[in-house]
Each structure stands twice: as structure tokens, then as C-alpha cells.
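Engineer: Pasted the sequence and its predicted model underneath.
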Amino acid sequence: MHSRPVTAIMNPAVIELPPQAPLDEAMALMQEKRISAIVISEEGIPQGILTEHDLVRTVSSRSEVASLTCAELMHSPVIRAGTDISDLDAFHLMSVERVRHLVICNDDGSTAGVLTESDLTQNLSMEFMLKFKEVGSVMSAHCLSLGPKSSVGEAAERMVEERHGAVVVVDEGGDPLGILTERDIVRLRREHAQPWQLTLEEVMATPVVTVVPSTPLTTAVELMRGSRIRRLVVVDNAFRVRGILSQHEVVQGLENDYVLALRRIIDEQRGLLEESSARLNEKTLLDTILASVDDTLIIATDERLRIRYWNPATEKLLGMTYGELLGCPLGECFSPFDDDGRLAERLGSPRPFAEDEFTLRIGEQALTFATTIVPLRDEQGGASGYLLRARDISRDKAAQASLKRSEELLSQAE
């Protein structure tokens, strides 16, 4: 599957509300527009996101929502990316952050669109779906099922606890009778003051749209598109529930495409192909070593000093997320922490320098780092990027200063 700009597949028609908007207004828009999330913005800048799953939580907790605003229930800060990100990188970011909606922002920070799993599913190529061939190779066998006399409140609790987007209603023999989805619960939340008291047989959607494990994936995806639904119940030949196929399971295969794309880039830069197992073992060893270094920032960039890799200490010390670090110019990354601008200036152009000391203000602390940047070279000796190492020597400096003061006091006493 070829990588494309995220702008080619995202939905630019974003529904936005201010933080102070009543929650009931958001639920009405979700139901009217048949959308799974609303971006909560202030002066055009996204502040958070409100999803169907958030509203399911209010049913799970039996919460009254009449007086609530969007700000009281939204997720914040919102996970976002720029318009220059590719669809595969965007999907990988969604996987890392465990979100099903990614807000795409313009250069000025305003909302350009939203990428959802529905967008990814609708834009999957025939080549991608033929790789998996059958529903059984993609479906989830972990399907939440309850009896028809179970309450909506119990269903919502299980959906939140076990991270399910739907519950399948089954009879005593395990045959599907109906289904209740997050979107159904949003509707019930508006129509009933206490929806948790309803039973599943009163509110479930029926009949259930089903497929068998041997159904071609292309057929299943087309069935979801044509029926305007996001999940199918998977049954065996005796019509007993065996799993569920949702857009989430379908797009998980994109992770394989993302890994392959990264490997392709590495192979092109190195000019050779290596055995996959050796490469993965090498990466695992390197990741383990770098993860153990908790006082040193280690950042790898491409030739134009855009960040491509970093160790866990970098995220922890700088307090930056995956989306903020990936692709960020090295100088811009450190600019907010660099009071005198000296380090940002040194990092503004790709030239190596020997170890030097720089002071960065992180939170309320001024920390001193011994910093070095060296070129990365491929096996032919050509430049392929740069590696920055910045070791926190603040404690060493403080100890040296304390020792110097002690020596001065001793000298004065003599």
C-alpha cells in the first residue's frame, strides 16, 4: 500500500463547538450528522475532542448530563498532527496514542480536518484487502455478548471496562439476536433521562448483519460501506457468534504497511537489504540500551535535521509527545527551553560540534547539558543524518560548585 498525504483521505468538514457549549448540543449534532466525534475549539484552535465513547462513560457511571458542558467531558489536550503527515504516519500516531480520531491542523494551529478509522477503511486499496483475503484473518475473537434481559447500564459498564465499541445480544444458545453500539447509546442518552435502566431487548438493533470467517474481506468491507455500519458480527455455520469485525480490526493491518515503509526507507538509505530478523534483533537491542539511559537526550535526525528517532528520556525530560517530536526541526524542538537561544542557534544548521555546555529551562528548573552533535553515515561513508547527545550534568555542576565553596571556606579558616 502506497503512502499518501493525510489531506487526501481525511474529512475536512469538521464539526466544532466551543468548550462552554452544552453537552446536549453535542449529542444532538452527533446524532444528526451521524458522526463519532466533535472537536472542541476556542477561537479556531482545537482544545479537546468529545467522542461517542465519552458519552458511553456517562451511562456507565449513571451520570446526569443536563447541566454539563463539553469542556467537562472532552479529552484534552487533543492528539493532533500537521497537514504534511502521511496517512501511514498518521495511522501509526493513532496506534501509539491509542486514539481513533486524529485532529489535523493547519500551520496556524486551526483545524484542517479529522482522520478517523472510517476514513482509513474507506480508502483501503484492493491490494491491501487481498493480503488478508478472509474475515477470519482480521476479526477479533474477543466479542462482548450479553443476554437480552441485561440492562443498558451493564452493557455500558462492560464496554468501557473492556474497551468494546458494541455489545452483541445473544440467546441462550449463543445465536445473535441484536446489537447495541456506542452510537445507539448516544441516541438513548438524549431520548431517556435514565437510559441505564432499559434492557437490551428493548433497544437493540435487529436483525444483525453477519458474515462467516471465510467471507472475503473485500466483501465484508463493501457490506459495511453499503449498510453504513461500522461492524459486522462473525458467526459460524451454526449461526453462533464467533467474533466481531469492525473498522478498527480492518485498519490494524495498516501497521504492517507502516513497518514495511520504514524498512524500505532504511534499505534505500543503506543501499542494501538485510535479513528482517537480524534487523529487528538489532533494533530491539538498540532500543533496550537507549531506554536504560535516563539522564541523556539521544535524538537522531535526517540530513535536514528533522527528528526521526529519540530515546524515552527525551520525551520524559522535554515533556513532549510523539506527535510533537516526529519530524520537528531540531532547533525548533529546543527553542522553548533555550532562554538565551544559544543552543537553538547552534542547531539551526547541520554542522557537527564537539562537546559544549548549554543551559535549558525545563519547568521551574535550569538544567545544564553537555551536548554533542555528530554526523551519521551510511556504509558507503555518505552523510545520512545527525545524532545529538545531551547529558544532564546539573548534579555534577552543583557538586563541583559545593566542593569549591567548601575549599574556599577551608582556605579562609586557615
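Structural biologist: The structure has been received and is ready for your questions.
Engineer: which residues touch the nearest residue to residue 227 once chain neighbours are set aside?
Structural biologist: Residue nearest to residue 227 in three dimensions, not counting chain neighbours: residue 209, with 5.8 Å by CB to CB, 6 or more residues apart in numbering. No exception for glycine: its C-beta is placed from N, CA and C like everyone else's. For residue 209, the contact set (CB atoms under 8 Å, 6 or more residues apart in numbering) comprises 223, 227, 229, 232-233.
Engineer: of those, buried ones?
Structural biologist: Using 16 or more other CB atoms under 10 Å as the burial test, these include 223, 229, 232-233 as buried.
Engineer: closest to residue 141 among those residues?
Structural biologist: residue 233 (12.3 Å; CB to CB).
Engineer: And the strands in the stretch 151-300 of the chain, which stretches?
Structural biologist: Applying DSSP state E, counting those that start in this stretch to the stretch 151-300 of the chain gives strands spanning 166-170, 176-181, 210-211, 231-235, 241-246, 296-301.
Engineer: can I get these in CSV with mean pLDDT and distance to residue 202?
Structural biologist: Converted to CSV, those look like this (pLDDT from 0 to 100; distance: least, CB to CB, whole Å):
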stretch, mean pLDDT, distance to residue 202
strand 166-170, 96, 11
strand 176-181, 96, 10
strand 210-211, 96, 22
strand 231-235, 95, 20
strand 241-246, 92, 20
strand 296-301, 83, 56
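Engineer: quick one, which of those strands is nearest to residue 92?
Structural biologist: Taking CB to CB as the criterion, residue 92 comes closest to strand 296-301 out of the strands of the stretch 151-300 of the chain, the separation being 17.0 Å.
Engineer: Tell me, how many residues neighbour residue 394?
Structural biologist: If you count neighbours by other CB atoms under 10 Å, residue 394 ends up with 17.
Engineer: is it true that it touches residue 367?
Structural biologist: Yes - under the criterion of CB atoms under 8 Å, residue 394 makes contact with residue 367 at 4.6 Å.
Engineer: can you put the strands of the stretch 151-300 of the chain in TSV and add distance to residue 65?
Structural biologist: Written out in TSV, the entries for the strands of the stretch 151-300 of the chain read as follows (distance: least, CB to CB, whole Å):
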stretch	distance to residue 65
strand 166-170	21
strand 176-181	19
strand 210-211	34
strand 231-235	25
strand 241-246	26
strand 296-301	44
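Engineer: Please name whichever of those is nearest to residue 360.
Structural biologist: So among the strands of the stretch 151-300 of the chain, strand 296-301 is nearest, using CB to CB, at 9.4 Å.
Engineer: and the closest one, how far out from the chain's middle?
Structural biologist: Averaging C-alpha positions (CA atoms, centre = their mean, to the nearest Å) puts strand 296-301 22 Å from its chain's average.
Engineer: So which bits of that strand are buried?
Structural biologist: 296-301.
Engineer: And for stretch 382-390?
Structural biologist: Applying a neighbour-count criterion of 16+ other CB under 10 Å, one finds 384-386, 388-390 buried in stretch 382-390.
Engineer: next one: stretch 360-371
Structural biologist: Within stretch 360-371, the residues that count as buried by 16+ other CB under 10 Å are 360, 367-371.
Engineer: Over to stretch 183-196?
Structural biologist: For stretch 183-196, by 16+ other CB under 10 Å, it's 183-189, 195-196.
Engineer: Helices - which of those residues land there?
Structural biologist: Per DSSP state H, helices hold the following members of the buried residues of stretch 183-196: 183-189.
Engineer: With pLDDT and distance to residue 106 as added columns, please give those in a markdown table.
Structural biologist: Rendered in a markdown table, the data for those read as follows (pLDDT from 0 to 100; distance: CB to CB, whole Å):
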| residue | pLDDT | distance to residue 106 |
| --- | --- | --- |
| 183 | 92 | 29 |
| 184 | 94 | 34 |
| 185 | 93 | 33 |
| 186 | 91 | 29 |
| 187 | 92 | 33 |
| 188 | 93 | 36 |
| 189 | 90 | 33 |
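Engineer: Helix, strand, or coil at the residue nearest to residue 71 when sequence neighbours are not counted?
Structural biologist: Taking CB to CB, 6+ apart, and ignoring the residues beside it in sequence, residue 71 has residue 19 as its nearest neighbour in space, at 3.6 Å. Reducing the assignment at residue 19 to three states with DSSP: H, G, I helix; E, B strand; the rest coil gives coil.
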